[in-house]
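> whatever this is, show me its structure:
(one chain, ligands or ions: 1)
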Amino acid sequence: MDYRITADERTRFKRCRRQWDFASPHRRNLQPAGFAPPALPTALKDALAVYYYPGTWDWQHEVTQPLVHKALKRSLDDCGAADQFEQGAAVLDCYDAWASTVDDFAPVKVNCEVQAIVPDPAEPERGLVVHDGSAVVYPCRIDVLAVDATDEYWVVRHQIVEDWQELHVLVRDEETVAACWALEQDYLGLRIAGTIHNEVRVTGPLDRPPAGSVTTRVRKMVAQHEPSGGGRSLPQHQRVAAQTARSGAVNRTEQRTAGILRRTRIRRSRHEITSVGALIAAEAREMTGWPTIYPTPAKHCLDCEFAAPCLAITEGADPEPVLAANFESPAPATPKPRLGQSTWGFGRGAAPPRW
Ligand code: SF4
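Reported below is the predicted structural model:
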C-alpha cells in the first residue's frame, strides 16, 4: 500500500511531532469524539465550486446565481445546518457583487483531485520507497485551476476567514505551492505560473460596491469559450499574442481587496514549485520507520485539540484514560458524488446531470 502524505500530515509533523503522533492516520489516527468540521465554511466552498464551474462560466448571472444558492443549501442540509442558509446566501451574494469586479481569469477545473508520486531525491526519475517498501504519494484537491487573459495557469485557493491573513503567511503557503507541484506531476508539460489566494471574510458588514462603479455583466473579463471557441481545456493552446502580453507581468505579489474578498496573486518561481518533491521526500523519510516523538510547546498549543493528553504525558501521568474518554478514530470517508470529480464535459454549456 502507498504511504500517503497529505498537507495536514506535513503541517502537523513540522509543527509538533507529539500532535502528529496522535492525529496521523499512520500513527494513532485520533480526533476529538464527535468532531465535525464547521458547516458554513464547507458549504461556502461547495457553493464557490458551482460559482466557478467552467461549463457555466459564460452563462448569464441570473441563471447561475440560483445554482450557487442551491449548492449552498444542499451542502448545509447535508451537515444538518439548514438554519445557516440565510447567512451563507447573503455572503455569497455580496461575494458575487465584488468578485465580478476582480475576477480576471477563467476557470478550467474545480475541485480537481491530483495524486503525485514523490520522487527519490537520489534518483529523481524514480519514486521514493520508504522502509517497508511502500511508494510515497502526495494527494491533494485544488479548488480552482484557472487561466488568465495571457493563457497562464494559476492554482486558486479559497479560504473562508474571519480576518485577512498576513501577506508573508500567503507567500509561505506550502499547501498551495505543493498543489502546483502535484498538478504539474499529474499533467506532464503543464506549467503553473503561481497561486491566487481568494480570501472570503465572513465577519463584518456585507457592503456592496458603490452604485455605478460596476459595469453591467455582459460577459466575464476572461471568457471560458476563448481562445478556441470550444471552451478552455487542459492543456490549452498557448496563443502567441497572449504570451507576448505577459512581458509586463513581473511583480511577485499583487493584492486587491474588494469588499468581503481579498485576492492575492503570487507568482511562483520554477525552483519554488519544482523543489516541493524533494521537500516532501525529506519529510517522508523522517516520518517513516521509527521517528522520535517529542512535544514542541509554543503558541500553537492554545489551539491544539490534544492539549489534555499532552499535559498528562508531560506530568508523567497515563494519557490513555483521557484519550479513551474523549477521542476516537474517524470513520472511513464515504465517497460522495461531488462537483469536479466526474465524467461530464467542462466545455461551454456543459452542466452536471443534477442541474
Ligand atoms: S499541546 Fe502543544 S506540545 Fe502538546 S501535542 Fe499539542 S501542540 Fe504539541
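> now the helix or strand residue 21 falls within: average pLDDT?
Following DSSP states H and E, one finds residue 21 within helix 17-23. Mean pLDDT, helix 17-23: 98.
> hmm, which helix or strand of the chain has the shakiest average pLDDT?
Least confident helix or strand of the chain, by mean pLDDT, DSSP states H and E, is helix 240-244 with a mean of 63.
> is residue 291 in a helix, a strand, or coil?
Three-state assignment for residue 291 (DSSP: H, G, I helix; E, B strand; the rest coil): coil.
> give the burial count for it, as a bare number.
Counted with other C-beta atoms under 10 Å, the neighbours of residue 291 add up to 14. Where you see a C-beta, it was placed from the backbone N, CA and C, and this is true even at glycine.
> what's the answer for residue 331, then?
With other C-beta under 10 Å as criterion, residue 331 counts 6.
> pLDDT score for it?
86.
> phi, psi for it please.
The phi and psi values for residue 331, taken as degrees, to the nearest 10, are phi -70, psi 150.
> distance check, it against the ligand.
In this view, residue 331 and the ligand are 23 Å apart by C-beta to the nearest ligand atom, to the nearest Å.
> contacts only, for that residue.
Applying C-beta atoms under 8 Å, 6 or more residues apart in numbering to residue 331 gives no contacts.
> tell me how far it lies from residue 306.
Look at residue 331 and residue 306: by C-beta to C-beta, to the nearest Å, they are 19 Å apart.
> what's the answer for residue 107, then?
Going from residue 107 to residue 306 by C-beta to C-beta gives 38 Å.
> what's the answer for residue 319, then?
Residue 319 sits 9 Å away from residue 306, going by C-beta to C-beta.
> neighbour count for those two, which is higher?
residue 306 (27 against 18).
> touching, that one and residue 18? I think so.
Yes. The criterion here is C-beta atoms under 8 Å, and residue 306 meets it with residue 18 at 7.4 Å.
> which residues of the protein lie near the ligand?
Taking C-beta under 6 Å from any ligand atom as the criterion, the chain approaches the ligand at residues 16, 18-19, 295-297, 300-301, 304, 306-307, 310.
> can you tell me which of these has the most neighbours?
Busiest of these [other C-beta under 10 Å] is residue 306, holding 27 neighbours.
> please enumerate the helices of the stretch 1-150 of the chain.
Secondary structure of the stretch 1-150 of the chain (DSSP state H, counting those that start in this stretch): helices at 7-15, 17-23, 39-51, 61-78, 85-102.
> residue 166: which of the ones you listed is closest?
Relative to residue 166, the nearest member of the helices of the stretch 1-150 of the chain by C-beta to C-beta is helix 7-15, separated by 17.0 Å.
> okay, buried residues for the closest one please.
For helix 7-15, the neighbour count (16 or more other C-beta atoms under 10 Å) marks 7, 9-10, 12-13 as buried.
> give the other helices and strands that that helix contacts.
helix 17-23, helix 174-186, helix 276-287 (3 or more C-beta pairs under 8 Å, 6 or more residues apart in numbering; DSSP states H and E).
> could I get the contacting residues of the closest residue to residue 148 other than its chain neighbours?
Leaving aside its sequence neighbours, residue 148 sits nearest to residue 105 (C-beta to C-beta, 6 or more residues apart in numbering; 4.7 Å). Residues in contact with residue 105 (C-beta under 8 Å, 6+ apart) are 146-149, 154, 156, 196, 221-222.
> are any of these buried, and which?
The buried subset of the contacts of residue 105 - by 16+ other C-beta under 10 Å - is 146-149, 154, 156, 196, 222.
> quick one: contacts of the helix or strand hosting residue 195?
In the assignment (DSSP H and E), residue 195 maps to strand 192-201. Residues outside strand 192-201 that contact it (C-beta under 8 Å, 6+ apart): 44, 48, 91, 95, 105, 143, 146, 148, 152-165, 170, 173, 176-177, 179-180, 183-184, 260-268, 273.
> mind doing that once more with 6 Å?
For strand 192-201, the external contacting residues (C-beta atoms under 6 Å, 6 or more residues apart in numbering) are 95, 152-161, 170, 176, 180, 260-268.
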